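S.K.: No letters, just coordinates:
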Ligand SMILES: NC(=O)c1ccc[n+]([C@@H]2O[C@H](COP(=O)([O-])OP(=O)(O)OC[C@H]3O[C@@H](n4cnc5c(N)ncnc54)[C@H](OP(=O)(O)O)[C@@H]3O)[C@@H](O)[C@H]2O)c1
């Protein structure tokens, strides 16, 4: 079978990790890379043995030998980059958070559906073998009805107003960068909440730096936090009427689970991921492309859109507005 031909748009941190995973994949080849700066594209291309290196993202979008583009820019640029690539006839895998806001997400999803191209939020967490196991355990009712989810993604990042996470011009803040993981875990298991309660601490650049979020359901709740100001183990618990699952640190790239069924001894289980972990989401993308599917059932576009709407609502409560947005 022909290899899936990838183009990489941007050459930052996560682009390096994805290049490694694509390099490791038996189903893929990286045919092109683009950067705002030709020297960066050349250096990246040298490292990963990529034949075509472009200055500017438009040239990548126009390359007829690229099947799918992986977008690895800051959230603030995802909308523009997706529009560029989808309009040029490419399938797209776009990093999380999918866009800065729901309006942008809706426009990209509509364009992909209208043109019939594959589009997915690169929520790699959902594709790990341990996450697949969790979905199976829940389906098998091993822990009963889920009543509570607890998940936190906090780490201490030294303050730098120019850094992607602190810079509102790059759609910074803990919610879009970190909070998306506990939120996506929650909606994967419980769907969307009937009510939200939250509190955020807003820093000197105007973005949220420490967020607590309660998602309330008829018979369940999720208690979530995210921050770039404090260190905390990045673990998660899914607690049900018959037991609980602990997802050990790091819950969004999990390898260890504890299954505790009431009245039984806890079971510690290992689910090693392949390579650097990104290959599992690539396997999903390749399977979808080969099957002619334009959306993933594991990370559906409707859910991506609703998550963006949920995060819009939280930011509106907190008064976090990115440049160019109209305050709600
Ligand atoms: N799935 C995951 O595990 C994971 C992990 C980390 C980050 N992410 C997501 O991936 C995206 C990128 O994160 P990152 O950590 O790789 O960021 P990064 O290291 O800052 O890289 C972002 C890249 O985007 C390009 N870019 C275009 N316009 C830019 C601008 N105005 N300012 C800065 N960079 C600009 C640059 O590439 P060129 O100069 O080459 O054009 C830059 O190197 C974010 O959406 C983030 O949430 C995902």
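M.R.: Good, I have the coordinates. For clarity, every value in this text was computed on a predicted model and none was experimentally measured.

S.K.: which residue is nearest the middle of the protein?
M.R.: residue 123 (3.0 Å; Cα atoms, centre = their mean).

S.K.: which parts of the stretch 101-250 of the chain sit against the ligand?
M.R.: Residues of the stretch 101-250 of the chain lying close to the ligand by Cβ under 6 Å from any ligand atom are 122, 124, 164, 170, 177. From N, CA and C alone the C-beta is placed, and that goes for glycine too.

S.K.: In what element of secondary structure is the nearest residue to the second one once chain neighbours are set aside found?
M.R.: Just to be clear, that refers to residue 124. Counting by Cβ to Cβ, 6 or more residues apart in numbering, residue 124 lies nearest to residue 281, which is 4.5 Å off, once chain neighbours are set aside. Here residue 281 sits within helix 279-290, counting by DSSP states H and E.

S.K.: Kindly report the same for residue 238.
M.R.: strand 236-240.

S.K.: Residue 114 too?
M.R.: Here residue 114 is assigned to helix 102-115, by DSSP H and E.

S.K.: ok, now how distant is the closest residue to the residue nearest to the centre of the chain other than its chain neighbours from the ligand?
M.R.: Closest residue to residue 123 apart from its sequence neighbours, by Cβ to Cβ, 6+ apart: residue 299 at 5.0 Å. Relative to the ligand, residue 299 is positioned 12 Å away (criterion: Cβ to the nearest ligand atom, to the nearest Å).

S.K.: wait, residue 299 sits on residue 119?
M.R.: No - using Cβ atoms under 8 Å, residue 299 makes no contact with residue 119, being 10.3 Å away.

S.K.: Pick out whichever of the two has more residues nearby.
M.R.: Comparing residue 299 with residue 119 by other Cβ atoms under 10 Å, the one with more neighbours is residue 119, at 25 against 22.

S.K.: In terms of secondary structure, what does the helix holding residue 281 contact?
M.R.: Judged by 3 or more Cβ pairs under 8 Å, 6 or more residues apart in numbering; DSSP states H and E, helix 279-290 is in contact with strand 4-9, helix 13-24, strand 91-95, strand 119-122.

S.K.: who's in contact with the helix or strand that it is followed by?
M.R.: Using DSSP H and E, the helix or strand that directly follows helix 279-290 along the chain is helix 301-318. For helix 301-318, the external contacting residues (Cβ atoms under 8 Å, 6 or more residues apart in numbering) are 97-99, 101-102, 104-106, 109, 112-113, 119-121, 123, 173, 175-176, 179-180, 183-184, 187, 192, 196, 198, 200, 202, 208, 211, 213, 295, 321, 327-328.

S.K.: Run a quick neighbour tally on the closest residue to the ligand within the chain.
M.R.: Relative to the ligand, the nearest point of the chain is residue 12 (1.8 Å; Cβ to the nearest ligand atom). For residue 12, the count of nearby residues is 15 (other Cβ under 10 Å).

S.K.: pLDDT score assigned to it?
M.R.: With respect to pLDDT, residue 12 scores 98.

S.K.: Check residue 248 too.
M.R.: According to the predicted model, the pLDDT of residue 248 comes to 98.

S.K.: Domain map for this structure?
M.R.: Residue ranges for the domains of the chain, per automatic domain parsing: 4-118, 126-278+307-318.

S.K.: Residue 275: what secondary structure?
M.R.: Classification of residue 275 by DSSP: H, G, I helix; E, B strand; the rest coil places it in coil.

S.K.: doesn't residue 19 make contact with it?
M.R.: No - when contacts are counted by Cβ under 8 Å, residue 275 is not listed as touching residue 19 (11.7 Å).

S.K.: In terms of neighbours, single out the busier of these two.
M.R.: Between residue 275 and residue 19, residue 19 has the larger neighbour count (other Cβ under 10 Å), namely 24 against 14.

S.K.: show me the contacts for the more buried one.
M.R.: 8, 30, 33, 44, 47, 48, 50 are the contacts of residue 19 under Cβ under 8 Å, 6+ apart.

S.K.: The same query, at a cut-off of 7 Å, please.
M.R.: For residue 19, the contacting residues are 8, 30, 48, by Cβ atoms under 7 Å, 6 or more residues apart in numbering.

S.K.: Distance check, it against residue 326.
M.R.: 37 Å (Cβ to Cβ, to the nearest Å).

S.K.: if we can go back for a sec, identify each buried residue in the helix holding residue 114, please.
M.R.: Residues of helix 102-115 classed as buried: 102, 104, 105, 108, 109, 111, 112 (neighbour count, 16 or more other Cβ atoms under 10 Å).

S.K.: And that helix, how far out from the chain middle?
M.R.: 17 Å (Cα atoms, centre = their mean, to the nearest Å).
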